[in-house]
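J.: Next comes the sequence, and after it the predicted model I'd like to discuss.
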Amino acid sequence: MQENIGRIAPPGSTGIKIIVVGAGYAGLACAIECTRKGHDVVILERVQKLKVLGDILSLGPNAGRILARWGLHDRVWAVCGHHPCMNLHNHLGELVRVQKFEQPKFGAYSYNGHRAEIHRILYEHAEELGISIRMGEEVTEYWEDGRRGVSGVVLRGGERLEADMVVAADGVRSFARKFVLDYQDKPKPSGYAVYRAWFDAAEQGVDTDPLTRHMVTNGDVFYGWIGQDVHFLTTSNLGGKSISWVITHKDDTELLDTSSLPGKMEDVLKIVEGWDPRCAAILSKAPECVDWKLTVHDPLPTWVSKGRRIILIGDAAHPFLPTSIQGASQAIEDGVTLATVLQIAGKDNIPVALQAWEKIRYQRVRNAQLMGESTRDKWHQAKPEDKGEQLDLPMPEWLFAFDAEAHAYKVFDEVRKGIERDGYRLPSLA
């Protein structure tokens with residue numbers, strides 16, 4: 001099977017019909033790879049029109065090798081910042097570590113750019129592949145029929161759609177999660193929140209301020225500051241044309257119906273009182289910012305419905321902290337792995353394919369989530385005198401050198417045999 005890596009199957013050749021709910025990173029990646037593997041896909045997206053939302057997004061080499069296989073490297077690279085290193089300081093401004101970034105790493109590139117720009121490229125690629133994307137379609141009900149071996153959704157307005165399986169890629173506040181779990185999973189406050197912003201450097205006078213000029217005079221740069229229970233990261237992008245920043249801090253406010261609110265600059269600046277003055281200078285250049293409350297979920301007991309025809313992927317299954325720098329990358333891996341195991345298993349074996357998919361993905365995703373927690377904690381608990389590579393962003397080979405498609409081809413038969421021999425159960429979480 002390894003010889004099939006990267007090959008495109010004839011359209012509709014597997015006969016598997018898939019409904020994907022959500023046109024975010026998880027949904028688009030899943031639809032793209034499923035189409036490449038010969039499955040027939042339709043995407044349903046609730047919003048009427050895509051909007052330019054968000055700020056910085058990072059994709060690791062584990063996702064980068066997939067984008068390259070799709071022929072998207074040049075298009076994505078062109079809209080990204082290119083940062084040769086991270087200059088990390090303690091809160092007083094002393095440089096404690098310069099971490100160099102190798103490109104490519106483990107044979108693939110990583111990408112750091114505006115979330116909406118990279119998303120636009122994936123959306124356009126899905127259109128180029130002929131994938132049906134129905135905008136303005138809200139799902140109000142999920143259903144499955146084990147006797148007939150089908151599942152589907154009901155749309156607002158009453159239209160009932162049927163397929164061999166449904167992929168719910170409907171985000172961190174997933175509506176499908178209740179159907180899959182048979183109870184309403186509730187997010188919990190993580191104890192942290194982030195303020196974040198993206199803005200035009202020239203419009204905000206970044207180049208004329210002595211305290212911020214270093215962000216735009218030597219191409220794209222990446223700076224960070226760490227202090228007790230706080231870390232602040234900022235980059236310039238596109239040759240110094242734009243600035244993004246994210247500051248993570250303790251937060252004990254009550255959870256609301258939305259996790260994203262307009263931020264108040266006076267609250268942002270209070271966090272860095274007494275810090276290196278460059279921090280306040282960079283932060284205050286933003287004309288506006290977002291206050292994003294970080295929530296966490298206990299690991300879900302399963303991502304697959306009882307009838308084994310509906311699954312959760314991406315943030316619907318496993319939300320990530322920003323410090324993992326892996327949320328979108330793992331969502332892309334989800335979709336690629338799913339498309340591959342469905343191709344191997346075939347239309348008559350979808351339930352076992354979905355069980356194998358979950359078993360292949362479950363512990364790997366959890367390990368990546370835990371890395372985000374450990375990175376945050378080591379920065380937030382660092383002493384001012386701490387220095388050196390112990391402060392690096394982790395870039396382990398097990399995570400970045402991974403090829404989701406090749407791995408699925410390699411392990412599927414063994415995983416399937418184990419399920420048939422021992423029955424189905426998820427691995428015990430570390």
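T.: It's in. Numbering: from 1, shown residues only.
J.: Would you mind splitting this protein into its domains for me?
T.: 2-81+113-185+298-380+395-422, 188-296 (automatic domain parsing).
J.: Glu389 is nearest to which of those?
T.: The closest of those to Glu389 is domain 2-81+113-185+298-380+395-422. By C-beta to C-beta, the value is 11.1 Å. (C-beta placed from N, C-alpha, C; glycine too.)
J.: Let me see the backbone angles for Val154.
T.: Main-chain dihedrals, Val154, degrees, to the nearest 10: phi -120, psi 130.
J.: gap between it and Phe175?
T.: For Val154, the distance to Phe175 (C-beta to C-beta, to the nearest Å) stands at 12 Å.
J.: ok, those two, which is more surrounded?
T.: Phe175 (18 against 14; other C-beta atoms under 10 Å).
J.: Wait, that one touches Val139, no?
T.: Yes: assessed by C-beta atoms under 8 Å, Phe175 is found in contact with Val139 at 6.7 Å.
J.: which secondary structure elements does the biggest strand by length in the chain contact?
T.: What stands out as the longest strand in the chain, according to DSSP state E, is strand 188-200. When contacts are defined as 3 or more C-beta pairs under 8 Å, 6 or more residues apart in numbering; DSSP states H and E, strand 188-200 packs onto strand 242-250, helix 265-271, strand 290-296.
J.: would Arg364 count as being in a helix?
T.: Yes: the assignment for Arg364 by DSSP: H, G, I helix; E, B strand; the rest coil puts it in a helix.
J.: Return the backbone torsion pair for Lys186.
T.: Dihedral angles (degrees, to the nearest 10) for Lys186: phi -110, psi 130.
J.: now do Gln330
T.: Dihedral angles (degrees, to the nearest 10) for Gln330: phi -70, psi -30.
J.: Tyr183 - how many residues pack around it?
T.: 9.
J.: just the helices in the stretch 101-250 of the chain please.
T.: Using DSSP state H, counting those that start in this stretch, the helices of the stretch 101-250 of the chain run over 115-128, 176-181.
J.: any chance of the ones you listed in JSON lines, plus mean neighbour count and mean pLDDT?
T.: JSON lines is the format used below for the helices of the stretch 101-250 of the chain (neighbours: other C-beta atoms under 10 Å; pLDDT from 0 to 100):
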{"stretch": "helix 115-128", "mean neighbour count": "18", "mean pLDDT": "97"}
{"stretch": "helix 176-181", "mean neighbour count": "20", "mean pLDDT": "96"}
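J.: Can you say which of these is nearest to Thr234?
T.: Closest among the helices of the stretch 101-250 of the chain, once you apply C-beta to C-beta, is helix 115-128, at 16.2 Å.
J.: between the closest one and strand 242-250, how many degrees?
T.: Put simply, helix 115-128 runs at 110 degrees to strand 242-250, going by axes from the mean of the first three to the mean of the last three C-alpha atoms, to 10 degrees.
J.: which helices and strands sit right next to helix 115-128?
T.: Helix 115-128 sits against helix 25-36, strand 56-59, helix 73-78, strand 132-135, with contacts defined as 3+ C-beta pairs under 8 Å, 6+ apart.
J.: Which of those comes out lowest on mean pLDDT?
T.: For the helices and strands packed on helix 115-128, mean pLDDT drops lowest on strand 56-59, to a mean of 94.
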